[in-house]
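> structural data only, the sequence is not supplied:
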Ligand SMILES: [Zn+2]
């Protein structure tokens, strides 16, 4: 199945970010950024990017996976990890109930899928977060899955790619969630010691403890246009400094201007961008391997 | 407790002591022998005190952790260490006053201290940005840790911050990257790192210097993924719910020890560190000595492996 077919057959995703017009069959949607009315099929063929204003709509992790890795190359790992409610946490809703709801809404066990895949033929370990699952928050499952994904990359001596979309640490897991920042960053330390490539793709939105750990630790930090990326929430900052924030504050372009982002890559160029970087960073190693093979022969 | 700022929950104890004082005054004035009554009341007050402090609600521990008279990093540096030489700056932008660092001697041997520093007066607090570090603070910390590593000097980090500074300048200069880099790089530092939360352990801003081989907390310090006020505002949309948030977040030392998030608790006096500095300094000195002695026998590899494993195992989940 091609990427476009896959998008075309999928119709249930991203209800929360695209407001569908009340027309039978949901043939038309309205762009939340510019208000343009778009034909659903065109919108999906355009990878959920508004053709008029180029607003990049959020994707589910499976949508993202399908436009990022080679068809049928993804082998998921650690699917069966699910959250534990170690604090027996309740706010206006019990954490246990929130988990059940999120599972039902997304069909996921937590806010990330991880596994091995190929990008234009190159092996990678990849993790893709899903903002639809409790705001993509990082609890023990997300932290453990990212850590195992990086450890797999280290063991197999392959690049790791984490595509984040996350509101930060999951409060309902208390300090256990904060510790995932340390755990994932520690795994990256060992990955980098082996001179392996880590690309962090920060997608809309990536904030809080996610930004302040593995997401900012890419050999390269990549993002899509106009993605929200930051540490503290804009409202908190406004309250602290008591002044208005710049218009594009915490957006991709602003972060690039301040030196935090290597490159802003439009959605339809992301896969080839990643493939290019992997190829170039692997060139030297491959040359050595080829020379060794020749010598052995 | 006389000159101290009092907290709500202390009122019943204070009332009782006030009564004792009144009785004493009366007995002096009238020449009556009230020794027995006074003794009885004093005993009662002591019992009440123990009962109250041993059953403190987490929100009251939050208040103790932020007590304006609570000893701050500078007090520990001054009283437990000798010959402190402060080392400034991140070599790139500036010197953060919310994180201080430098060499000192502890029991005759050199150590590197990295500490979050609040103030006690308003003026001091403004100078220290209320203990909220900016990126420069984390970068200075890493620079000094690498320096310590080069010369085989163990590192002691003291944590006391409401969190990293949530400001425009902080974001622009990459506070998230600065914290993240510390989390990654501290794992590989080849000298012992002992981290102690002495007051507020505010989220990622605290964690950014708390990747220790041992992570400890003072009895009435807190360590939390988010402040109870912030949590209440987000999850309940009601700041008034912060007492419940404080309970549910599991941010007190005994709970975190039970969860395996921290390794040890450094004991404070019953009524809090602010009531008896000397006592808490003694406990802290003994604790640091014990830990440094333990890790002095570790090789570089053992140190980094132990630190990795310590954090690697954290987090509860179910696996089918
Ligand atoms: Zn548009």
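Nice, thanks for sending it over. Values in this document were obtained by computation on a predicted structure and should not be read as measured data. Residues are numbered from 1 along each chain as shown, chains lettered A, B, ... in the order given.

> count of neighbours near residue 75?
By default, I'm working from chain A. Residues lying near residue A:75 (other Cβ atoms under 10 Å in any protein chain shown) number 9. (C-beta placed from N, C-alpha, C; glycine too.)

> ah, I was thinking of chain B
Using other Cβ under 10 Å, residue B:75 is surrounded by 16 other residues.

> hang on, it packs against residue B:278?
No - with contact defined as Cβ atoms under 8 Å, residue B:75 does not count as touching residue B:278 (10.9 Å).

> rounded mean pLDDT for stretch A:145-154, please.
For stretch A:145-154, mean pLDDT is 98.

> same question, stretch B:308-315
In the prediction, stretch B:308-315 has an average pLDDT of 98.

> that one close to chain A?
Yes - on the criterion Cβ under 8 Å from any Cβ of the partner chain, stretch B:308-315 is in touch with chain A at B:308, B:311, B:312, B:314, B:315.

> now stretch B:280-300
No - contact of stretch B:280-300 with chain A (Cβ under 8 Å from any Cβ) is absent, the minimum separation being 13.4 Å.

> tell me the mean pLDDT over stretch B:141-151?
Taken as a whole, stretch B:141-151 has a mean pLDDT of 98.

> for stretch A:182-190, that is, sorry about that
98.

> again, but for stretch A:120-127
The model assigns stretch A:120-127 a mean pLDDT of 98.

> distance from stretch A:216-228 to the middle of the chain?
Distance, stretch centre to chain centre, for stretch A:216-228: 10 Å (Cα atoms, centre = their mean, to the nearest Å).

> quote the end-to-end distance of stretch B:201-217.
9 Å (Cα to Cα, to the nearest Å).

> with stretch A:230-246 instead?
The stretch stretch A:230-246 measures 14 Å between its terminal residues, going by Cα to Cα.

> pull the residues that contact it.
By Cβ atoms under 8 Å, 6 or more residues apart in numbering or on different chains, the surrounding residues in contact with stretch A:230-246 are A:207-208, A:211-212, A:249-250, A:254, B:164-168, B:170-171, B:175-176, B:179, B:204, B:230.

> so who does the closest residue to residue B:292 other than its chain neighbours touch?
The shortest distance from residue B:292 to any non-neighbouring residue, by Cβ to Cβ, 6 or more residues apart in numbering or on different chains, is to residue B:154 (5.7 Å). By Cβ under 8 Å, 6+ apart, the contact set of residue B:154 is B:111, B:112, B:148, B:191, B:192, B:193, B:194, B:292, B:295, B:296.

> over to residue B:52?
Here residue B:52 is in contact with B:9, B:10, B:12, B:13 (Cβ under 8 Å, 6+ apart).

> can you tell me the SS state at the first one?
So that's residue B:9. helix (DSSP: H, G, I helix; E, B strand; the rest coil).

> point out where the chain drops to low pLDDT.
Unless you meant another one, I'm taking chain A. Within chain A, the stretches with pLDDT under 70 are A:1-25.

> chain B, not that one
Those would be B:1-4, if you go by pLDDT under 70 across chain B.

> what distance do you get for the closest residue to the ion within it to residue B:227?
Among the residues of chain B, residue B:171 lies nearest to the ion; the distance is 26.9 Å by Cβ to the ion. Noted for residue B:171: a distance of 19 Å to residue B:227, by Cβ to Cβ, to the nearest Å.

> out of the two, which sits in the busier spot?
Each of residue B:171 and residue B:227 has its neighbours counted (other Cβ under 10 Å); residue B:171 has more, 28 against 21.

> in which helix or strand does that one reside?
In this structure, residue B:171 sits in helix B:168-172 according to DSSP states H and E.

> which positions in that helix come out as buried?
B:168, B:170, B:171, B:172 (16 or more other Cβ atoms under 10 Å in any protein chain shown).

> ok, for the second one, nearest residue in space, not its chain neighbours?
Sequence neighbours aside, residue B:134 is the residue nearest to residue B:170 in space, at 4.8 Å (criterion: Cβ to Cβ, 6+ apart).

> now the first one
Setting aside the residues directly before and after it, residue B:168 is nearest to residue A:241 in space (Cβ to Cβ, 6+ apart), at 5.7 Å.

> residues of chain A that sit close to the ion?
A:31, A:33, A:34, A:36, A:50, A:52, A:53, A:55 (Cβ under 5 Å from the ion).

> tell me the contacts of the fourth one?
Looking back up the chat, that one is residue A:36. Taking Cβ under 8 Å, 6+ apart as the test, what residue A:36 contacts is A:30, A:50, A:52, A:53.

> for chain B, state which of these is nearest.
residue A:53 (25.6 Å; Cβ to the nearest Cβ).

> quick one: neighbours of that closest one, just the number.
13.

> did I read that right, it in a helix?
No - counting by three-state DSSP, residue A:53 is not found in a helix; it is coil.

> what is the neighbour count of the closest residue to it other than its chain neighbours?
Leaving aside its sequence neighbours, residue A:53 sits nearest to residue A:34 (Cβ to Cβ, 6+ apart; 3.8 Å). For residue A:34, the count of nearby residues is 12 (other Cβ under 10 Å).

> how about the helix or strand where residue B:38 lies: buried residues?
Using DSSP H and E, residue B:38 sits in helix B:35-54. For helix B:35-54, a neighbour-count test (16+ other Cβ under 10 Å) marks B:38, B:41, B:45, B:49, B:52, B:53 as buried.

> hang on, the third one packs against residue B:17?
Yes - between residue B:45 and residue B:17 there is a contact at 5.8 Å, judged by Cβ under 8 Å.

> check the secondary structure at the residue nearest the centre of chain B for me.
Residue closest to the mean C-alpha point of chain B, counted by Cα atoms, centre = their mean, is residue B:198 at 1.7 Å. Three-state call for residue B:198 (three-state DSSP): strand.

> so it versus residue B:64, what's the distance?
Counting by Cβ to Cβ - residue B:198 and residue B:64 are separated by 12 Å.

> before we move on, the earlier item: of the contacts of stretch A:230-246, grab the buried ones for ChimeraX.
Burial among the contacts of stretch A:230-246 is assessed by 16+ other Cβ under 10 Å; the matching ChimeraX selection reads:
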select /A:207,208,211,212,249,250,254 /B:164,165,166,167,168,170,171,175,176,179,204,230
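
> which of the contacts of stretch A:230-246 fall in helices?
A:208, A:211, A:254, B:168, B:170, B:171, B:175, B:176, B:179, B:204, B:230 (DSSP state H).

> tell me which two of those sit farthest apart.
A:254 and B:230 (24.0 Å; Cβ to Cβ).

> picking up where we left off before, residues contacting the residue nearest to residue B:170?
Residue B:134 touches B:96, B:98, B:164, B:165, B:167, B:169, B:170, B:173, B:175, counting by Cβ under 8 Å, 6+ apart.

> let's see 10 Å
Applying Cβ atoms under 10 Å, 6 or more residues apart in numbering or on different chains to residue B:134 gives the contacts B:90, B:93-94, B:96-99, B:164-165, B:167, B:169-175, B:178.

> same question, residue A:124
A:68-69, A:73, A:115-118, A:149, A:153, A:156, A:158-161, A:197, A:199, A:274-275, A:278.

> quick one: which of the residues you listed sit in helices?
Per DSSP H, the contacts of residue A:124 map to helices at A:68, A:149, A:153, A:156, A:274, A:275, A:278.

> mind checking which of those are buried?
Buried among the ones in helices among the contacts of residue A:124 by 16+ other Cβ under 10 Å: A:68, A:149, A:153, A:274, A:275, A:278.

> export those as CSV, with columns for distance to residue B:123.
Conversion of those to CSV gives the following (distance: Cβ to Cβ, whole Å):
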residue, distance to residue B:123
A:68, 54
A:149, 49
A:153, 51
A:274, 52
A:275, 57
A:278, 54
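
> can you map out the strands along chain B?
With strands called from DSSP state E, chain B shows them at B:82-86, B:99-106, B:109-116, B:155-161, B:193-202, B:214-218, B:222-224, B:264-266, B:317-319.
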